[in-house]
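A.B. asks: What follows is a predicted structure for the sequence shown.
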Amino acid sequence: MNKQILLFTLVMVPLLTFGFSGEVVINDIKYSLDTDKQTAEVRPNNYSGNIVLPSSVIYDGIECYVTSIGYNAFGGCDLKSISIPQTVNTINGGAFRECIGLTSVHITDIASWCRITIANDYGANPLTYAHHLYLNGKEVKDLVIPDEVTSIPLLSFYGCWSLTSLSIPASVTSVGGEAFGDCPNITSIKVVRNNVKYDSRGDCNAIIDSETNTLILGCQNTTIPDDIVSIGHCAFSGCSTLTSLSIPAKVNSIKDWAFYGCSGLVYLSLYSETIPEIKSNTFADSNYKNATLYVPTAFIDDYRETAVWKDFKYIYPIEGANGEKCAKPTISYNNGKISFNSTTEGAYFLSSISDSDIGSYTGNEIPLQITYNITVYAKAYGYLNSDVVTATLCWIDAEPQSEGITNVEVAKFKSNPILIQREGNELTISGVLSGLPIHVYDMSGKLIGMSMSDNTGSVRFNITNSDKILVVKFGNKSVKVSR
C-alpha cells in the first residue's frame with residue numbers, strides 16, 4: 001500500500017507548473033512579466049523614435065497584459081511619439097523624464113486615459129513634453145469627457161497645449177490636482193448643469209466646487225462669480241494667456257500655486273475689503289511683479305504693506321478705474337523708431353522687447369534672425385490697464401546697394417522692415433514690398449494662408465487656426481509669430 005502511494009506521488013510531481021516572474025525583451029521593448037497575474041510592466045531600455053506599446057505580449061504561451069509603465073521607463077530617451085494602449089492603468093514616477101524630443105501622445109479612448117493613475121511627478125506624464133494629444137489619429141482640441149468617467153486623476157491632461165475647450169459631464173465627481181494645469185490655450189470651460197459636485201454657474205468658464213464655492217480651474221476667459229469665496233490650488237497654473245482678472249469681494253483665500261506661471265498677467269482687480277489669505281508661492285513664476293493691482297481705496301496702504309501683495313509693481317485704488325479700460329495701443333515703426341498710440345487721453349505705455357538672437361551659442365557660425373518681439377499695454381489715471389498688444393518686427397533683405405562700391409564683398413544690402421501683428425483671428429502685416437508673396441503656416445507645416453502684398457504695403461489674413469504660434473514666410477525668410 002505504501003509503495004502505491006509513493007508511485008502516485010512520483011507520477012504527479014512532473015505535472016506541476018510554476019509561473020514566470022522577471023524581465024524579458026519582446027520586440028525591442030523590455031518588460032517585467034508576472035505570468036501568474038498575466039501582467040506586464042514596461043521597463044527602462046535604450047528607446048528612441050516612435051514607440052507603440054502593445055496591449056499585451058505572449059511569453060511561453062501565456063498572454064500578459066501591458067498594465068503599467070514603470071519607474072523611469074523612458075526617462076532621458078530620444079522619443080518622438082508614444083502610443084499608449086487602453087490596458088495601461090499606471091504610469092510611474094519619471095516614466096518620461098526629460099523626453100524633450102517628444103512631440104505627440106497617441107491614445108484610442110479618452111475614458112481609458114482618465115482611468116490611468118499618473119504619479120505625482122511632472123516627468124511621469126508624457127504630455128509634459130509632448131503637449132499634443134491625439135485620439136485615434138486626430139489631435140484633441142475640444143475635449144469632451146465621456147459620461148462614463150467619474151474621476152479625472154492628478155495631472156491627467158497636464159501640459160496639453162492643444163486643448164481649446166473643456167466639457168465636464170454630470171458623472172464626474174473628482175478632479176485631481178493640476179489635471180488641466182499648463183493648458184494655456186483653453187478658452188472655454190463648461191460643466192453640465194446636472195452635475196451634483198461641480199458647476200460653471202453663469203457661464204463663468206471655470207469649474208466651481210458647488211459645496212465650498214471654490215474655483216478649482218480657470219482659464220484666460222474666466223469671470224469669477226460674485227459668490228466665490230476661495231480660489232483653489234493651481235486653479236490658473238500655467239495659464240500664460242491670462243492677462244487680467246477681477247476677484248470679487250467675497251474671496252477670502254487664494255491657495256498655493258493658484259497663479260503659478262501666469263507670465264502674461266498685466267493687472268488684477270481685488271474688491272475685497274479684507275485682504276485675502278495668500279501663500280508665498282501663489283504668484284510664483286508669474287508676471288505679478290510687473291503687473292498692476294487695483295484695490296479698495298480705504299485699504300490700499302494695507303495691501304502695500306502685506307507680503308506678496310506689496311510686490312505688485314503698481315497698486316492703485318480700484319474706485320478710480322470705474323471698470324473702463326484704456327484703449328488698446330497701436331504699434332508702428334518708422335525711421336528706426338517704434339511708436340505707440342492710444343485714443344485714451346493721457347495714456348502712457350509700458351512695453352518690453354525681446355530679441356530672438358540673444359543667447360549663448362557654440363560653433364563657428366550664428367544664423368541671425370534679426371527679429372524683435374514687442375509687448376505693450378496702455379495706462380491712464382481713472383482707467384483700467386488696456387489689453388496687451390503684441391507685434392513682431394523683422395527685416396528682410398531687398399536689392400543690394402552697389403552704387404559707388406567696387407568690392408562686392410562689402411556691398412550694402414537694403415533691409416526692409418516688416419511689422420507683424422496678430423489679434424484674435426486677424427493677422428496684419430505692414431511694410432511689405434509690393435508684389436512680395438506671403439505664406440502663413442501652422443506649427444505642423446500646414447499652409448493656412450497665402451497672399452500677395454499690394455501697393456499699400458499691407459496684407460491682412462483671417463486666421464481661424466488656434467495655434468499659439470504661426471510661421472509667416474516672406475520669400476526665403478521665415479518668422480515665428482505668437483499671440
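C.D. replies: Structure's in. What do you need?
A.B. asks: Now do the contacts for the residue lying closest to residue 144 once chain neighbours are set aside.
C.D. replies: Spatially, and ignoring its direct neighbours in sequence, residue 144 is nearest to residue 167 (4.6 Å; CB to CB, 6 or more residues apart in numbering). All C-beta atoms are positioned from the backbone trio N, CA, C, and that covers glycine. Counting by CB atoms under 8 Å, 6 or more residues apart in numbering, residue 167 touches 142, 143, 144, 145, 190, 191, 192.
A.B. asks: what do you get for residue 274?
C.D. replies: residue 252 are the contacts of residue 274 under CB under 8 Å, 6+ apart.
A.B. asks: Let's verify it: helix, strand, or coil?
C.D. replies: coil (DSSP: H, G, I helix; E, B strand; the rest coil).
A.B. asks: repeat for residue 226
C.D. replies: coil.
A.B. asks: So it versus residue 272, what's the distance?
C.D. replies: Noted for residue 226: a distance of 11 Å to residue 272, by CB to CB, to the nearest Å.
A.B. asks: So which of those two has more stuff around it?
C.D. replies: residue 272 (16 against 12; other CB atoms under 10 Å).
A.B. asks: Residue 250 is in contact with that one, correct?
C.D. replies: Yes - assessed by CB atoms under 8 Å, residue 272 is found in contact with residue 250 at 7.4 Å.
A.B. asks: any idea how far stretch 76-89 is from the chain center?
C.D. replies: Counting by CA atoms, centre = their mean, to the nearest Å, stretch 76-89 is centred 20 Å from the centre of its parent chain.
A.B. asks: mind listing what's buried in it?
C.D. replies: With burial defined by 16 or more other CB atoms under 10 Å, the residues of stretch 76-89 counted as buried are 76, 77, 79, 81, 82, 84, 85, 87, 88.
A.B. asks: Would you state the helices of the stretch 51-200 of the chain in chain order?
C.D. replies: Using DSSP state H, counting those that start in this stretch, the helices of the stretch 51-200 of the chain run over 110-114, 127-130.
A.B. asks: CA atoms only: put the last one into CSV for me.
C.D. replies: The C-alpha coordinates for helix 127-130 follow below in CSV (Å, rounded to 0.1, in the frame of the first residue of the first chain):
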residue,chain,number,x,y,z
LEU,A,127,2.1,65.4,-22.2
THR,A,128,4.5,67.5,-20.1
TYR,A,129,6.9,67.3,-23.0
ALA,A,130,4.7,66.4,-26.0
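A.B. asks: which residues sit against that helix?
C.D. replies: In contact with helix 127-130 (CB under 8 Å, 6+ apart) are residues 81-82, 96, 98-105, 122, 133, 157-160, 182.
A.B. asks: that older thread, out of the helices of the stretch 51-200 of the chain, which one sits most buried?
C.D. replies: helix 127-130 (a mean of 24; mean count of other CB atoms under 10 Å).
A.B. asks: Run through the residues that contact residue 71.
C.D. replies: 92, 93, 94, 95.
A.B. asks: how much space is there between the closest residue in space to the first one that isn't next to it in sequence and residue 34?
C.D. replies: Which is residue 92. In this structure, residue 92 finds its nearest non-sequential neighbour in residue 71, 4.4 Å apart by CB to CB, 6+ apart. Residue 71 sits 16 Å away from residue 34, going by CB to CB.
A.B. asks: got any residues that touch both of residue 226 and residue 272?
C.D. replies: By CB under 8 Å, 6+ apart, the residues touching both residue 226 and residue 272 are 248, 249, 250.
A.B. asks: show me what contacts the closest residue to the first one other than its chain neighbours?
C.D. replies: Closest residue to residue 248 in three dimensions, ignoring its sequence neighbours and counting by CB to CB, 6+ apart: residue 226, at 4.6 Å. By CB under 8 Å, 6+ apart, residue 226 lies in contact with 248, 249, 250.
A.B. asks: for the residues you listed, which one is nearest residue 460?
C.D. replies: Nearest to residue 460 among the contacts of residue 226 is residue 248, at 38.6 Å by CB to CB.
A.B. asks: Isn't that closest one up against residue 271?
C.D. replies: Yes - counting by CB under 8 Å, residue 248 does reach residue 271; the two are 5.5 Å apart.
A.B. asks: you'd agree residue 84 is up against residue 53?
C.D. replies: Yes - assessed by CB under 8 Å, residue 84 is found in contact with residue 53 at 5.8 Å.
A.B. asks: any common contacting residues for the two?
C.D. replies: Between them, residue 84 and residue 53 share the contacting residues residue 69, judged by CB under 8 Å, 6+ apart.
A.B. asks: what about residue 342, how many residues close to it?
C.D. replies: For residue 342, using other CB under 10 Å, the count is 22.
A.B. asks: is the residue nearest to it when sequence neighbours are not counted in a bridge, and if so with what?
C.D. replies: Using CB to CB, 6+ apart and skipping the chain neighbours, the partner closest in space to residue 342 is residue 378 (4.2 Å). Residue 378 has these beta-bridge partners by DSSP bridges: residue 349.
A.B. asks: what bits of this protein have low per-residue confidence?
C.D. replies: For the chain, the stretches flagged by pLDDT under 70 are 1-18, 319-323, 356-363, 366-369, 381-382, 397-415, 465-468, 475, 482-483.
A.B. asks: again, only this time at 50
C.D. replies: 1-16, 399-402, 404-413 (pLDDT under 50).
A.B. asks: what about the strands in the stretch 251-400 of the chain?
C.D. replies: Counting by DSSP state E, counting those that start in this stretch, the segments of the stretch 251-400 of the chain that form strands are 253-254, 267-270, 277-278, 292-295, 314-317, 330-334, 337-341, 348-355, 371-379, 389-401.
A.B. asks: nearest to residue 481, of these?
C.D. replies: Going by CB to CB, the one of these nearest residue 481 is strand 389-401, 5.1 Å.
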